[in-house]
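Asker: Need coordinates for the following:
(one chain, ligands or ions: 1)
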Amino acid sequence: MPELPEVEALAGYLRERAVGRRVDRVEVAAISALKTYEPAPAAVSGRTVTDARRYGKFLAVVLGDDLHLVVHLARAGWLHYRESFPSGGPLRPGKGPIALRVRLDDGSGFDLTEAGTQKKLAAYLVTDPAAVPGVAKLGPDALAADLATFAGRLRSRRGQVKGVLTDQTVLAGVGNAYSDEILHAARLSPFALSDRLTDEQIAALHEATGRVLGDAVSRSLGQKAAELKGEKRSGLTVHARTGLPCPSCGDTVREVSFADSSLQYCPTCQTGGKPLADRRLSRLVR
Ligand SMILES: [Zn+2]
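Answerer: Numbers count the residues shown, from 1 in each chain. Coordinates of the predicted model:
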């Protein structure tokens, strides 16, 4: 799932490439992806792209001064910038990976795509980004929060730190992949309880959040849009590396189920050498 660094890079790319261009038209191929019907997609035609912004993991394309195309890419969504589109008529609604196409006046544009059969990509055409429920509920941005804000937000919610860190209403932008990386960098157990973290642990977590996200943003910004891939991140230390050696200590990266997915961590770096119990598994074998 694209998280803060990937969405930031997409916004940066759009600012560079699309700002100043006029929209020819928007074609909606996956009707269910567009969550709003007023204003209609036709209202976008003739508008100039004035900015591209990020709200947590949401991407917003600003059209003129009061229209926003806000997109949540969900688990398998992505934005593909095209220098040109194949000739032929408009997209036909169907079951393909393209949910939405935005054509610009120089023949270029972008497709919002979603792989797989689970269609969760959500697009909203709104006059105010706060009209998007997920945007209105966002906590402070994880990359912008200072230590006091960060500490206050984390301690406001009691739970396993992995879950609290990925709760978009607590802090915006961190998902499954980067929370694994941040917790590893902070040498914290993903199951540590958020309201029992010491000041030192909170400070380490805040520092790690800034460093891990900042590094990932720098890496992403150096890539061309065609090379930006939500699921092919470079520089990961534990996430999606189950069974491989931890780059810090050489221990084997382990995996445990968490929520509806799984998390990866290093026992030596994060849990005093003890593997975490997989609750789902122990329930099964009980
Ligand atoms: Zn380690």
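Asker: Can you tell me which residue of the stretch 51-200 of the chain sits closest to the ion?
Answerer: His184 (7.3 Å; C-beta to the ion). The C-beta positions use only the backbone N, C-alpha and C, and glycine is treated the same way.
Asker: How is that residue assigned, secondary-structure-wise?
Answerer: helix (DSSP: H, G, I helix; E, B strand; the rest coil).
Asker: ok, Leu154 - contacts?
Answerer: Residues near Leu154 by C-beta atoms under 8 Å, 6 or more residues apart in numbering: 161, 164-165, 170-171, 194, 197, 202, 205.
Asker: quick one: the residue of the stretch 51-200 of the chain closest to the ion and Pro247 touch, right?
Answerer: No. Using C-beta atoms under 8 Å, His184 is not in contact with Pro247, being 9.4 Å away.
Asker: Okay, and the residue nearest to Leu165 when sequence neighbours are not counted sits in which element?
Answerer: For Leu165, ignoring the flanking residues on the chain, the nearest one in space by C-beta to C-beta, 6 or more residues apart in numbering is Ser179 at 4.7 Å. Using DSSP states H and E, Ser179 maps to helix 176-185.
Asker: What helices and strands are in contact with that helix?
Answerer: helix 161-165, helix 199-221, strand 261-265, helix 267-270 (3 or more C-beta pairs under 8 Å, 6 or more residues apart in numbering; DSSP states H and E).
Asker: outside of the second one, which residues touch it?
Answerer: Here helix 199-221 makes contact (C-beta under 8 Å, 6+ apart) with 4-6, 8-9, 12, 142-143, 145, 147, 150-151, 154-155, 161, 165, 173-174, 178, 181-183, 185-188, 192, 197, 228, 233-235.
Asker: buried subset of these?
Answerer: The neighbour count (16 or more other C-beta atoms under 10 Å) marks 4-6, 8-9, 12, 142-143, 145, 150-151, 154, 161, 165, 173-174, 178, 181-183, 185-188, 192, 197, 228, 233 as buried among these.
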